[in-house]
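*Asks:* Give me a 3D structure for the following:
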Amino acid sequence: MVRSQAANGTWEVRSVADLDEASGLLGEGDDIVLALPVNAVLAQRLRLPTSDPTEFGGMVRLQVEKSFPYPPEEVTSDFELIEQGENESVVSSVAVHNAKLTELAGPLLKRGHIPRQVTVYAAQRAASRAASGRALIIYREGGKLVSAITENGKLSLARTLDATGPEQLQRDLPQLALSAELQGIDTTFPTILLDENCMPLRDTIERVFAQRPNLVGMETPPAAVKLDLAPETWRKQRASLVRQKEWRRRLIWAGAAYAAAFLLFALYVGIIRIQVGRYQKAIERDEPTVRFIRNAEVDWKALSPAIDPHFYPIEVLLHLHESLPNPDVRITVYDQSTRNISVQGEAPSAALAYQLAEKVKKNPELQAFELTLGTPRILPNDHAQFRLEGKTK
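*Replies:* Modelled structure (predicted):
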């Protein structure tokens, strides 16, 4: 029987002939829970001292080693707590031989499907249908009839019955009840559940227990159980597969991101090329106008000394005279070319020569020239001879 959950959250149940057929329905990376039949496991109801609940695992392991004729490293076991008292606790212990488990799960392992959890189907039914109190569940696994006694949703006792009809079942059920009582299980079951596929046995069960069983169908979804009999080697292999899957997913995302970045870069380069082409066409289109403007600028610069009043010698001399800091400061030589001027003079002191240079630089009418003052030369009469050199900006 295969139960699968669809993308919309609904569960689908399919009947298959064997696990080989079921494995063919699985896809890569499916989350698989393998539920074992009771004839593949050793289920025990154990009473353990409640001195330290953290030691339950070790104590259960010791009991399993006593019951299984295999080396401890070849057996995987797990347990669930049924009830805990002040001095004594009752646990449900389940163990499986790893070789038997590998044989059963062979079709899955051959296809690379490693179950996330290996549990017992009877435990799933118990947790789903009888989460509290005691219950007797009767159903079929393959061609065999199975009876499972549960307490608080945990598996206490499970047996595969040889009964093929009502008469044989009526003889087997009292023996099952006797076995349960010998293990300290109260066989007055508040709940008796019968799989709907076993409906012809309903009257027989009612005669044995004086209680009419309730019919139940397939659990969709089954309740989660703690029991996990997956060997440590399977856990490591599955963890490795999960890591590989995660790395593949990351590589796919990285590749997709790289491809997207490359496409964006290619698109960006394409847009830049289109813009560059547009600018080049605009430059080519405007080149005659730009050439005309440049030539006009050159011509205007060449004509500016003749047509711009700021370059007229008489205007320049006037503004130089206005900048004299003292009437005793005299201009003795003035020379002007197309782009340069040269002014020589004499001042009563070097300080007045420097004052003249500062005032000339600040004169707004002389801003067309960049003027610099050389170091004044001191004459025998202590006067300072200066020279101003200027060129157009």
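*Asks:* At which residues are the helices of the stretch 251-393 of the chain located?
*Replies:* Along the stretch 251-393 of the chain, counting by DSSP state H, counting those that start in this stretch, helices occupy 313-322, 350-362.
*Asks:* Pretty sure residue 64 sits against residue 94.
*Replies:* No: at 9.0 Å, residue 64 does not count as touching residue 94 under the criterion of CB atoms under 8 Å. C-beta here means a position set from N, CA and C on the backbone, and glycine is covered the same way.
*Asks:* between those two, who's got more neighbours?
*Replies:* Neighbours were counted for residue 64 and for residue 94 using other CB atoms under 10 Å; residue 94 has more, 27 against 23.
*Asks:* Could you confirm that one falls within a helix?
*Replies:* No: assignment of residue 94 by DSSP: H, G, I helix; E, B strand; the rest coil gives strand, placing it outside any helix.
*Asks:* partners of it in the sheet?
*Replies:* Beta-bridge pairing of residue 94 under DSSP bridges involves residue 43, residue 78.
*Asks:* could you measure it against residue 188, distance?
*Replies:* As judged by CB to CB, to the nearest Å, residue 94 and residue 188 stand 25 Å apart.
*Asks:* What of residue 82?
*Replies:* Noted for residue 82: a distance of 17 Å to residue 188, by CB to CB.
*Asks:* and if you look at residue 357?
*Replies:* Relative to residue 188, residue 357 is positioned 124 Å away (CB to CB).
*Asks:* Please identify which of the two sits among more neighbours.
*Replies:* Between residue 357 and residue 188, counted using other CB under 10 Å, the more crowded position is residue 357 (20 against 9).
*Asks:* Tell me who's in contact with that one.
*Replies:* Listed by CB atoms under 8 Å, 6 or more residues apart in numbering, the contact partners of residue 357 are 371-373, 386, 388.
*Asks:* one more time with 10 Å, if that's ok
*Replies:* 323, 325, 343, 371-374, 376, 386, 388 (CB atoms under 10 Å, 6 or more residues apart in numbering).
*Asks:* Find the helix or strand that the residue nearest the centre of the chain is a member of.
*Replies:* The centroid of the chain falls nearest to residue 250 when counting by CA atoms, centre = their mean (8.6 Å). Taking DSSP states H and E as the criterion, residue 250 maps to helix 232-307.
*Asks:* average model confidence for that helix?
*Replies:* Across helix 232-307, the average pLDDT comes to 88.
*Asks:* chain center to that helix: distance?
*Replies:* With CA atoms, centre = their mean, to the nearest Å as the basis, the distance from the averaged C-alpha position of helix 232-307 to the chain average is 30 Å.
*Asks:* Likewise for stretch 55-63?
*Replies:* How far stretch 55-63 lies from its chain's middle: 39 Å, per CA atoms, centre = their mean.
*Asks:* And for stretch 300-308?
*Replies:* For stretch 300-308, the distance to the chain centre is 73 Å (CA atoms, centre = their mean).
*Asks:* Contacts for it next, please.
*Replies:* Stretch 300-308 is contacted from outside by 310-313, 315, 336-339, 368, 392, using CB under 10 Å, 6+ apart.
*Asks:* 7 Å instead?
*Replies:* 311, 338 (CB atoms under 7 Å, 6 or more residues apart in numbering).
*Asks:* Output that stretch as PDB - backbone C-alpha positions only.
*Replies:* The C-alpha trace of stretch 300-308 is given here as PDB (Å, rounded to 0.1, in the frame of the first residue of the first chain):
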ATOM      1  CA  TRP A 300      36.800  86.500 -32.100                       C
ATOM      2  CA  LYS A 301      39.900  85.900 -29.900                       C
ATOM      3  CA  ALA A 302      42.100  87.200 -32.700                       C
ATOM      4  CA  LEU A 303      40.000  90.300 -33.100                       C
ATOM      5  CA  SER A 304      39.400  90.900 -29.400                       C
ATOM      6  CA  PRO A 305      42.400  93.200 -29.000                       C
ATOM      7  CA  ALA A 306      41.100  95.400 -31.700                       C
ATOM      8  CA  ILE A 307      37.400  95.500 -30.900                       C
ATOM      9  CA  ASP A 308      37.300  95.000 -27.100                       C
END
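*Asks:* Please shift the residue numbers so they start at 43 in all later answers.
*Replies:* That works, and once the first residue is 43, the last one we named lands at stretch 342-350.
*Asks:* For residue 160, list the residues it contacts.
*Replies:* By CB under 7 Å, 6+ apart, the contact set of residue 160 is 76, 78, 143, 270-272.
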